[in-house]
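[1] turn this into a model:
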Amino acid sequence: MPNLDYKRIILGGLILIIGVGLIIGVLWLVFFRQPAEDAPAGGDVAVGVGGELPGTGVGGVIGLISPPGQLPGEPGSQGEEDGLITDFEVEGKVDNVASGSLTQVTGVMEDELADVNLGQGSLSYLSIEDDKFYRISLDGSGKTLLSDKEFPHVEDAYFSPDNRKVILEYPDGANIIYDLASGKQISLPQGMTDPSWRNNSEGIAYKYISDNDEDNWLLIADDTGGKTEAVEHLGDQGDSVQVSWSPTNEVVALYHKSVGLNKEEVFFIGLNDENNKSLVVEGSNFKGIWSPQGDRILYQVIDYDNNYNPILWVADAQGDNIGGNNFNLGLSTWVDKCVFARDNKTVYCAVPVSLPEGAGFYPDLLNDSADVFYKIDLSTGLSRLVAYPVLSESIDSFQVKKIFITDDSSRLYFWDAFTNKLYYLRLR
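    Next comes the predicted model:
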């Protein structure tokens, strides 16, 4: 009788058992396993800092945020493109006064604008239609031609606070001051950039940037561009300086420099070489706007924790209090889309519904989102949605280029990037 190879017998048995087990497992998966329960239609409410819309209720504290495209007061409804409102019936669903949901906006005029400013109870603007300056009342009536002179190809316009003068910058580097009242025009240095008007409209500050770093300066001048004085040598740091004359006239510019991987130090540059305290911010690419009393600064920084998008903060910004009460407001937008009310503690901001990663660095390229409006109470730090602007069924989204508020806080005006027109909505 031949000798049996027990090792081969045992190995063959193991292979047979494993094969049978695999066959049984496949049959069970295909024919006998119970299907998994469907996932809930609505997930947990996400926490974030964008301009997404609260799913229910009238407004809401920032931080309680629904998925993009959720309409205020309309749980479960969603737009067809990028979360924007589409294909809805306006009648009966739009409030005339902002209350945290769809809000009716009103066009001020038919003109498309190259730039606009609200000041001294009226609106001054440069029309794209004929390249001329006009003034109009807040309700859109009383349109007045300010001059027959045409100003084509203007790149940027900086109106004085009293709405009487405007600095015009051109793509070729030319700069002028134009007096809207007298029609007088004065040339400014070609290297001038980033001008800022003094609060009383009697002076300007600007950066002079040349091909030689040694000749780059922060300068001030009178409202005609004359009587120029040097304030600070800029060298190669001009891009890190924001010219911004404070309401108290104590500060003329803000200089920010990196002091860490995701941190900057902001220096407050005065007129007389003052040794002001500095402000340390969490993020990069600082830019700020002053409160009406000049004691606070609302600012944006780009934060990698926020997908390299801007995030709003506020801090004390005067005297020995500089840097105090520095806290994150939790809204992802730019300060150019924000405006202070005269009470010095209320801020209104246009906030994009959604932003792709990196929009903080390239807003003109990456920000194609519609805006909604938020109200921030700086005494508590709380923010709430006040309006999703709607004009009609055909125009149901806007993107804010500039924003203004009336002295009595009854109306919010905004220059829209999609149409280049001016609109307002009622706050009360």
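[2] which residues in the chain form helices?
    6-27, 363-366 (DSSP state H).
[3] check these for me: which has the lowest mean pLDDT.
    Between the helices of the chain, the one with the least mean pLDDT is helix 6-27; it has a mean of 51.
[4] can you count the residues close to residue 214?
    Counted by other CB atoms under 10 Å, the residues lying close to residue 214 total 10. To be clear about C-beta, it is placed using only N, CA and C from the backbone, and glycine gets the same treatment.
[5] so what's the closest residue to it other than its chain neighbours up against?
    In space, and not counting its chain neighbours, residue 214 is closest to residue 235: 7.3 Å by CB to CB, 6 or more residues apart in numbering. Neighbouring residues of residue 235 by CB atoms under 8 Å, 6 or more residues apart in numbering: 213, 214, 216.
[6] give me the pLDDT value at the residue lying closest to residue 183 once chain neighbours are set aside.
    Leaving aside its sequence neighbours, residue 183 sits nearest to residue 147 (CB to CB, 6+ apart; 5.2 Å). Residue 147 is assigned a predicted lDDT (pLDDT) of 90.
[7] same thing with residue 422?
    Residue 422 carries a pLDDT score of 97 in this model.
[8] nearest residue to it in space, please, no chain neighbours.
    Nearest residue to residue 422 in three dimensions, chain neighbours excluded: residue 108, at 4.4 Å (CB to CB, 6+ apart).
[9] same question for residue 221.
    With CB to CB, 6+ apart, the residue lying closest to residue 221 is residue 228, at 4.6 Å.
[10] now do residue 400
    Closest to residue 400 by CB to CB, 6+ apart is residue 350, at 3.7 Å.
[11] contacting residues around the one you found?
    333, 337, 338, 371, 372, 373, 399, 400, 403, 414.
[12] follow-up on the earlier one: can you pull the contacts of the residue nearest to residue 422?
    123, 136, 138, 139, 140, 413, 421, 422, 423, 424.
[13] tally of neighbours for the residue nearest to residue 183?
    16.
[14] same deal with residue 110?
    8.
[15] and what of residue 413?
    21.
[16] pLDDT score for it?
    98.
[17] looks like it contacts residue 423 (just checking).
    Yes. With contact defined as CB atoms under 8 Å, residue 413 reaches residue 423; the gap is 7.2 Å.
[18] tell me, what's the model's pLDDT at residue 257?
    At residue 257, pLDDT is 97.
[19] is it bridged to anything, and to what?
    When bridges are called by DSSP bridges, residue 257 pairs up with residue 265.
[20] and for residue 176?
    Beta-bridge partners, per DSSP bridges, of residue 176: residue 168, residue 187.
[21] that one contacts residue 188, doesn't it?
    Yes. Using CB under 8 Å, residue 176 makes contact with residue 188 at a distance of 6.2 Å.
[22] which of the two has more residues huddled nearby?
    Applying other CB under 10 Å to residue 176 and residue 188 shows that residue 188 carries more neighbours, namely 21 against 17.
[23] residue contacts, the more buried one?
    Taking CB under 8 Å, 6+ apart, one finds 167, 175, 176, 177, 206, 225 in contact with residue 188.
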